[in-house]
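**Q** Starting from these lines, generate the structure:
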Amino acid sequence: MGGWLVLLTAKERPKRVGGILGIASAPDFTEDLMWSQFDDETKQKIMTDGQCMLASEYDESPYIVTRDLIEDGRQHLVLRNKLEIEIPFHLIHGMADEDVPYQLSLKLAEHVDSQNVRVNIIKSGDHRLSREQDLVEILRAVESLTGYLTK
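**A** Residues are numbered from 1 along each chain as shown. Modelled structure (predicted):
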């Protein structure tokens, strides 16, 4: 969700965002990764009851998807049109990410106007990118972006 939020922020306040680091970014995930994958029964439950509880791979507690989340997401889709954002982008994604396909980072790179876009695919990286070698890559990206900000 963080990648989606920073894209919305960069669109609304371009002078306030000097660069973007996206880690397993999933803009439009409510529509493209959730709603489109739900079966009719799950969709009906969300629309009728206002929410649905789904099992989480990361926690014993269920993951709650609300109708408000889905409907609000539809009001803020960013990958349906070109993104007029021209700041430096660095996108990092694990190829072994089972939650967000790494191809989404490639799609995002294609949708932004910026010519300063780097996409780093970590072949063995999962969604969390929390191993030491993943964190090293993330820190390198932060250092790279801060270099642009101090120029």
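**Q** can you pull the contacts of the nearest residue to residue 65 once chain neighbours are set aside?
**A** Distance criterion CB to CB, 6 or more residues apart in numbering; nearest residue to residue 65, sequence neighbours excluded, is residue 52 at 5.3 Å. Every C-beta, even on glycine, is put in place using the N, C-alpha and C of the backbone. By CB atoms under 8 Å, 6 or more residues apart in numbering, residue 52 lies in contact with 42, 45, 46, 64, 65.
**Q** Double-check the third one against residue 64; I have them as touching.
**A** Spelled out, that is residue 46. No: if you go by CB atoms under 8 Å, residue 46 and residue 64 don't touch, sitting 10.1 Å apart.
**Q** coming back round to it: reformat the contacts of residue 52 as CSV; add pLDDT and distance to residue 31.
**A** As requested, the contacts of residue 52 are exported to CSV (pLDDT from 0 to 100; distance: CB to CB, whole Å):
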residue, pLDDT, distance to residue 31
42, 97, 14
45, 97, 17
46, 98, 13
64, 96, 18
65, 97, 12
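**Q** Please tell me which one of those counts the most neighbours.
**A** The most crowded member of the contacts of residue 52, judged by other CB atoms under 10 Å, is residue 46 (21 neighbours).
**Q** Ramachandran angles for residue 79?
**A** Note on residue 79: its backbone torsions stand at phi -100, psi 10 [degrees, to the nearest 10].
**Q** contact partners of the particular helix or strand that has residue 147 in it?
**A** Secondary structure from DSSP states H and E places residue 147 in helix 132-149. With contacts defined as CB under 8 Å, 6+ apart, helix 132-149 is touched by 18-21, 23, 88, 90, 92, 94, 116, 118, 120, 122, 125, 129.
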